[in-house]
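In: Here is my input, please return the structure:
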Amino acid sequence: MNHTSKKDVLLELSGNLAAAPQIKNRQELTAEILKREELMSTAIGCGIAIPHVRLSSVTDLVVSVGISRVNIVDFNPLDDEPVRLVFMIAAAQNQHAYYLQTLSWFSKKLKDKELRDNLLAAQTPDEVYKLLTDS
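Out: Down below sits the predicted model:
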């Protein structure tokens, strides 16, 4: 990804998620992700954002990972560090506990600076997947 604007990143990642069979309404997903981000930035610091929604048109939790080669300048993180790692989560309405566990898992795992640096250096989706799933 080479987007410098939050909206472009959110549109690309929601498009990626919409290709998953668990997403039944692409327009709703995109609209709700954008609306959620308008309410409050999902940037959590350390160059990370975790945009997330729960929708009735989603049948099971799915995640799309975006790694930007350039700084995304308008996420407004609390620590003023530009966002480059974005983890978009969409879950079903009835998956509240799983949804919160997933948000917590990403928040904890990504506190590791070495992992963040390795993700930024990754060259392929398989490499990113391996970094995130290895214990």
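In: From residue 5, how far off is residue 80?
Out: 17 Å (CB to CB, to the nearest Å). C-beta: built from backbone N, CA, C; applies to glycine.
In: hmm, who's touching stretch 105-121?
Out: 44, 46-48, 50, 67, 84-85, 87, 89, 128, 131-132 (CB atoms under 8 Å, 6 or more residues apart in numbering).
In: Which of the three states applies to the residue positioned nearest the centre of the chain?
Out: In the chain, the centroid-proximal residue (CA atoms, centre = their mean) is residue 87; its distance is 1.9 Å. Per DSSP: H, G, I helix; E, B strand; the rest coil, the secondary structure class of residue 87 is strand.
In: List the contacts of it.
Out: Contacts of residue 87 by CB under 8 Å, 6+ apart are 48, 49, 50, 51, 63, 64, 65, 66, 106, 110.
In: Show the backbone phi and psi for the last one.
Out: Phi and psi for residue 110, reported as degrees, to the nearest 10, are phi -80, psi 0.
In: Narrow the contacts of residue 87 to those in strands?
Out: 48, 49, 63, 64, 65, 66 (DSSP state E).
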